[in-house]
Each structure stands twice: as structure tokens, then as C-alpha cells.
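Student: pasting the structure only:
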């Protein structure tokens, strides 16, 4: 079952970003965003230096991992605490302040995955310019996940503005359903998304790194022309 983020543009065209984070696979829906370079991921080896912004390491795309088999976590974030997830990538680091107040269940799941080192060695497998960067798939193609899902309906007034971090879901799943795939909003294009994607938090440091990743050329399906690897995700609390 493919996870997707759908956006109705001003021209009433659907911009669809496919992904998956559940237990079963499915066909992906290609994004209609125009590639920023003629080469696609299939035509250009991952890690191609000419497509990498300054400050990014030239690395090969890692081999797919097995789908996750983790049990559903019971942990919820403590609303009295502050949780900061540091996402270390081959293009630099950025920090996400988890929204313990409005998303304790989703944030608890994200922390659990980070504590289990689930994200380590995965990639940002989909990039759509001025929209989002998306990662968290062990298969690296948008069809894998953690082996479980949690549900926490996002705030009804949630707007996916630049810097917001949320979770992908399948089209037939309830609002707020999430597995392991997450996205970082990098442009105004996501502001029209309906509040159906579970809130994780917001980038509070290093947004320029997320934007740098978002500037890497990608094919029509969002597959980047060069690999960006998540070295680690660690969550601190205070």
C-alpha cells in the first residue's frame, strides 16, 4: 500500500508524493513536479558529485535494508519535557523539536524509532523541490516501513508550513496514521495539504541543511540524482 502526500495546486493539478510505511507494499504514484535536471536517479549513479550542493558528502546509495519488524511502542512524550531530535546526514545536521504537547503519541513513536537506531543508514529517498524531503524507508524506494503503525489525529488547524515535520500515510488510512516515513516541509507548496498527516514537530535549527537537501535534482518520481544518507537520529530530552 503506497503512502502518499497529495497537494492540489493553484492550477487544480494534483501534485502527488508517494511513499509507504506500513507492512505491505504497493505501486507508487509518481510526483508531477518538474525535474530540476535532465538526469534522473536511474540515469545517474547515486552519489554523483555534480548534483550535490556544497557541503554534502559524495556517497553511494546504500543497499536496501529489510522491512522493519518492530513492535508497536507504548511510549508517549511527556508534555512537561522538551525533546529535540538531531538528524545527522551526509549534508549536515538539523534539529527537530518534537511537539510533545500536540503530538505525544507520534513523537513517542519517532523517538522510539530513533532510540532503536531504525533511521541510521537510511536515505532521503524522495525530494520534491519547494515541497518536501522524505525519508525513513528501509527499502529506500518509498514502499517500506517499521512493521507497525500508530494513529494520532493531527490538530485540525495544522498548516504544513516550511520547517514542519510530519509523517506519511497511505491514501486509505485514517488521518494521523503513521509508520516510519517522515517528511520535512521545505517550501510553500505543502501549505495547501489537508491536516491528515501526523505531526512530529518542527525544525528549529539547521533548516538550511534541509533546504540544501531539497535542492538536489530529482526525477519525476522524486528519486534524487544523488544520495543523502541519514547517519543517525538521536533524541535528547530536558
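Tutor: Thanks, I have the structure now. If you're wondering where the values come from, they're calculated on a predicted model, not measured in any experiment. Numbers count the residues shown, from 1 in each chain.
Student: all helices for the chain, in order.
Tutor: Per DSSP state H, the chain carries helices over the ranges 104-115, 207-214.
Student: out of the ones you listed, which is the most enclosed?
Tutor: Burial of the helices of the chain is given as mean neighbour count (mean count of other Cβ atoms under 10 Å); helix 104-115 ranks first at a mean of 23. In short, each C-beta sits where N, CA and C put it, glycine included.
Student: just to revisit the earlier point, quick one: which of the helices of the chain is nearest residue 197?
Tutor: Evaluated with Cβ to Cβ, the helices of the chain place helix 104-115 nearest to residue 197, the distance being 9.8 Å.
Student: which elements pack onto that closest one?
Tutor: Packing partners of helix 104-115 (3 or more Cβ pairs under 8 Å, 6 or more residues apart in numbering; DSSP states H and E): strand 83-89, strand 92-98, strand 150-151, strand 199-205, strand 230-237.
Student: buried set for the fourth one?
Tutor: Going by neighbour count (16 or more other Cβ atoms under 10 Å), the buried part of strand 199-205 is 199-203.
Student: swap in the second one?
Tutor: Of the residues in strand 92-98, 92, 94-98 count as buried by neighbour count, 16+ other Cβ under 10 Å.
Student: check the longest one too.
Tutor: When burial is assessed from 16+ other Cβ under 10 Å, strand 230-237 yields the following buried residues: 230, 233, 235.
Student: same thing with stretch 128-138?
Tutor: Within stretch 128-138, the residues that count as buried by 16+ other Cβ under 10 Å are 128-129, 131-138.
Student: how about those residues, which pair is most distant?
Tutor: So, the buried residues of stretch 128-138 by Cβ to Cβ: farthest apart are 129 and 138, at 25.0 Å.
Student: ok so, going back, in strands, which of the buried residues of stretch 128-138 appear?
Tutor: Those of these mapping onto strands are 128, 132-135, per DSSP state E.
Student: now these in TSV, with pLDDT and distance to residue 211?
Tutor: Below are those laid out as TSV (pLDDT from 0 to 100; distance: Cβ to Cβ, whole Å):
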residue	pLDDT	distance to residue 211
128	96	13
132	97	11
133	98	9
134	97	14
135	97	15
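Student: looking at those, spot the one nearest residue 164.
Tutor: Using Cβ to Cβ, residue 132 comes nearest to residue 164 of those, at 9.4 Å.
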